[in-house]
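Engineer: Sequence and predicted model, in that order:
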Number of protein chains: 2
Amino acid sequence: MARSGYFHGDLRRALLDAGLEAARAEGPEGVSVRELARVVGVAPSAVYRHFEAHEQLLSDLALRAQSMVADAMEERVAAVPTGDRRTWADGAIAAVGIGYVEFAWQEPGWFRLAFRTHGDLQAAHDERGRGACGRTPYEQLERALDALVEVGELTEQNRAGAEALAWSAVHGFAMLTVEGPLRSLDAATKASFAARVVEMVRLGLAQCGTAGEPSTPGGASGR
Amino acid sequence: MARSGYFHGDLRRALLDAGLEAARAEGPEGVSVRELARVVGVAPSAVYRHFEAHEQLLSDLALRAQSMVADAMEERVAAVPTGDRRTWADGAIAAVGIGYVEFAWQEPGWFRLAFRTHGDLQAAHDERGRGACGRTPYEQLERALDALVEVGELTEQNRAGAEALAWSAVHGFAMLTVEGPLRSLDAATKASFAARVVEMVRLGLAQCGTAGEPSTPGGASGR
DNA sequence: ACCCTCGTGTGAACGGCGTTCACATTAGCG
DNA sequence: CGCTAATGTGAACGCCGTTCACACGAGGGT
């Protein structure tokens, strides 16, 4: 835009924008250094003035995509009626899960970009992954789980590590339906399954115990 | 091996073997046409006499890897004591899930190869994905779920689509711990989480209902 | 007003990749 | 024994990420 002959103006921003556009249409595989440079109208080597490597470009783009996931979740959480605290907690955990998978269905390219390769757990709280709502996707989940504890639907015991279990189920379902074997299911079936996944998580989390070493699988079955 | 000057003997087999070796060490990204040709001692173009494209090579390798997953599961299922039918069902579903994630941990390269991009649901029954046990990983899961129905732990209603839900949770957990943000957890924590995931699935599956349209999310909460 | 520095963009090059195609080789069959 | 069809070769194409010496010019110090 503000191209003053030799210099570009805001190349970094322009590359990120072009990257998001490419990823939206073709997923992370469609984001190449040379292609972005071409779109922006700059030599490929110029990219390296703003990003250490291709991988770092993708990481930065992923954080942007994560913030969009967070906002998609936020929108649904905000729509949950706040009357009864218990109803809200149930609604919030569902909203978080459904928001995650619906984003994956509506923007598969961005979704695959966002969770292509996750950093470590520290990245779950990276500021750049927060949306306009001020939270990362992971923090959205934490909030919903906390609400379940508050209303007594989840014990403090079982709250520990619950993020991992809930995320696993919803993320796995999203992957399987976006690029996995469940991708060709019709929309209604997928929606029904999604609802059951979050229900399975909420109900299952309340019961799968932290108590006792689970070294003997199938030990504490009744509980 | 049986290289008689110009001809190789069994190039296809040799390429698949080399591919498995490369994938074991470096994952599917490490499997390149040119590298395999180099290892086997043949021109890159020769690969195309046996595989349509790079992608098909990876698909064939993936089926081989899937059969290994199936056998890893089988080993654990076979170890479940067969005394009480109910105990066996609980043990089988756990064995299937734990077998899946333990394989992912022991052979992350092969695991990522096996489930890099899943075909569609038809591939779940592809003969080439069966191990020595005669089952694909998906069929292992089906068997365990059937057993849960048989002992009355799962209704016929909730049995429908249960593969998708169970697979989602376990697959998501495997992904998160192999190449995701949970990858740097210590072994004990991971093992504990794994046990809880399968417990969450078993207990949650029994309750997350198929009854009624879930068009209003959060509707059937109490159940 | 000048110059100089430093950040930014260029162009050419390197090695890697998947893939194609005309061509060489040879196993096996009629 | 000769033909055919299958199999392997070598060179080439266009893509990729990355590097490096170099060109440009905005902005600060004198």
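Structural biologist: Arrived safely, thanks for sending.
Engineer: Tell me where the model's unsure across chain A.
Structural biologist: Scanning chain A for pLDDT under 70 picks out A:1-4, A:210-223.
Engineer: which strands and helices sit next to the helix ranked longest in it?
Structural biologist: Ordering each helix of chain A by length in residues (DSSP state H) puts helix A:54-78 first. With contacts taken as 3 or more CB pairs under 8 Å, 6 or more residues apart in numbering or on different chains; DSSP states H and E, helix A:54-78 sits against helix A:11-26, helix A:33-40, helix A:85-106, helix A:108-114, helix A:137-150. Glycine gets a C-beta too; all of them are placed from N, C-alpha and C.
Engineer: Now the phi/psi pair for A:D120, please.
Structural biologist: phi -100, psi -170 (degrees, to the nearest 10).
Engineer: ok, now A:L185?
Structural biologist: Residue torsions, per degrees, to the nearest 10, at A:L185 are phi -70, psi 150.
Engineer: give the contact list for the closest residue to A:E102 other than its chain neighbours.
Structural biologist: Closest residue to A:E102 apart from its sequence neighbours, by CB to CB, 6 or more residues apart in numbering or on different chains: A:A72 at 7.0 Å. Contacts for A:A72 (CB atoms under 8 Å, 6 or more residues apart in numbering or on different chains) come out as A:G99, A:Y100, A:E102, A:F103.
Engineer: which bits of chain A sit near DNA strand C?
Structural biologist: Residues of chain A that fall close to DNA strand C, judged by CB under 7 Å from any atom of the strand: A:Y6, A:F7, A:H8, A:G9, A:L11, A:V42, A:A43, A:P44, A:S45, A:A46, A:R49, A:H50.
Engineer: and those, which are buried?
Structural biologist: A:H8, A:L11, A:V42, A:H50 (16 or more other CB atoms under 10 Å in any protein chain shown).
Engineer: how about the longest helix of chain A: buried residues?
Structural biologist: For helix A:54-78, a neighbour-count test (16+ other CB under 10 Å) marks A:57-74, A:76-77 as buried.
Engineer: That helix: how far from the chain's middle?
Structural biologist: Put simply, helix A:54-78 sits 7 Å off its chain's centre (CA atoms, centre = their mean, to the nearest Å).
Engineer: The host helix or strand of A:V170 and chain B, any residue contact?
Structural biologist: Per DSSP states H and E, A:V170 falls inside helix A:162-178. Yes - using CB under 8 Å from any CB of the partner chain, helix A:162-178 comes into contact with chain B via A:A164, A:L165, A:W167, A:S168, A:A169, A:V170, A:H171, A:G172, A:F173, A:M175, A:L176.
Engineer: any idea which of the residues you listed is closest to A:A94?
Structural biologist: A:V170 (10.5 Å; CB to CB).
Engineer: residue contacts, the closest one?
Structural biologist: Applying CB under 8 Å, 6+ apart, we find A:V170 in contact with A:G97, A:Y100, A:V101, A:V197, A:V198, A:V201, B:S168, B:G172.
Engineer: just A:R12 next, same as before
Structural biologist: The contact partners of A:R12, by CB under 8 Å, 6+ apart, come to A:H50, A:F51.
Engineer: Run a quick neighbour tally on A:M175.
Structural biologist: 23 (other CB atoms under 10 Å in any protein chain shown).
Engineer: give the contact list for it.
Structural biologist: Per CB under 8 Å, 6+ apart, neighbours of A:M175: B:H171, B:G172, B:M175.
Engineer: Going by distance to A:E156, which of these wins?
Structural biologist: When the contacts of A:M175 are compared against A:E156 (criterion: CB to CB), the nearest one is B:G172, at 24.3 Å.
Engineer: Now the closest one: closest residue in space, sequence neighbours ignored.
Structural biologist: For B:G172, the spatially nearest residue (CB to CB, 6+ apart) is A:G172, at 2.4 Å.
Engineer: hang on, that neighbour packs against B:A166?
Structural biologist: No - if you go by CB atoms under 8 Å, A:G172 and B:A166 don't touch, sitting 9.6 Å apart.
Engineer: what's around A:A144, how many residues?
Structural biologist: When neighbours are counted by other CB under 10 Å, A:A144 registers 26.
Engineer: go on, A:Q122?
Structural biologist: With other CB under 10 Å as criterion, A:Q122 counts 9.
Engineer: how close does it sit to chain B?
Structural biologist: A:Q122 sits 8 Å away from chain B, going by CB to the nearest CB, to the nearest Å.
Engineer: quick revisit: name the helices or strands packed onto the helix or strand that comes right after the helix holding A:V170?
Structural biologist: Next helix or strand after helix A:162-178 toward the C-terminus (DSSP H and E): helix A:187-207. Secondary-structure packing of helix A:187-207 (3+ CB pairs under 8 Å, 6+ apart): helix A:85-106, helix A:137-150, helix A:156-159, helix A:162-178, helix B:162-178, helix B:187-207.
Engineer: Flag every buried residue along helix A:187-207.
Structural biologist: A:190-207.
Engineer: most neighbours, which of the contacts of A:A72?
Structural biologist: A:Y100 (27 neighbours).
Engineer: tell me the contacts of that one?
Structural biologist: Applying CB under 8 Å, 6+ apart, the residues near A:Y100 are A:V69, A:A72, A:M73, A:P137, A:V170, A:H171, A:A174.
Engineer: any chance of those in JSON lines, plus distance to DNA strand D?
Structural biologist: As requested, the contacts of A:Y100 are exported to JSON lines (distance: CB to the nearest atom of the strand, whole Å):
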{"residue": "A:V69", "distance to DNA strand D": "24"}
{"residue": "A:A72", "distance to DNA strand D": "27"}
{"residue": "A:M73", "distance to DNA strand D": "30"}
{"residue": "A:P137", "distance to DNA strand D": "26"}
{"residue": "A:V170", "distance to DNA strand D": "30"}
{"residue": "A:H171", "distance to DNA strand D": "26"}
{"residue": "A:A174", "distance to DNA strand D": "25"}
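Engineer: closest to A:F115 among those?
Structural biologist: A:H171 (6.9 Å).
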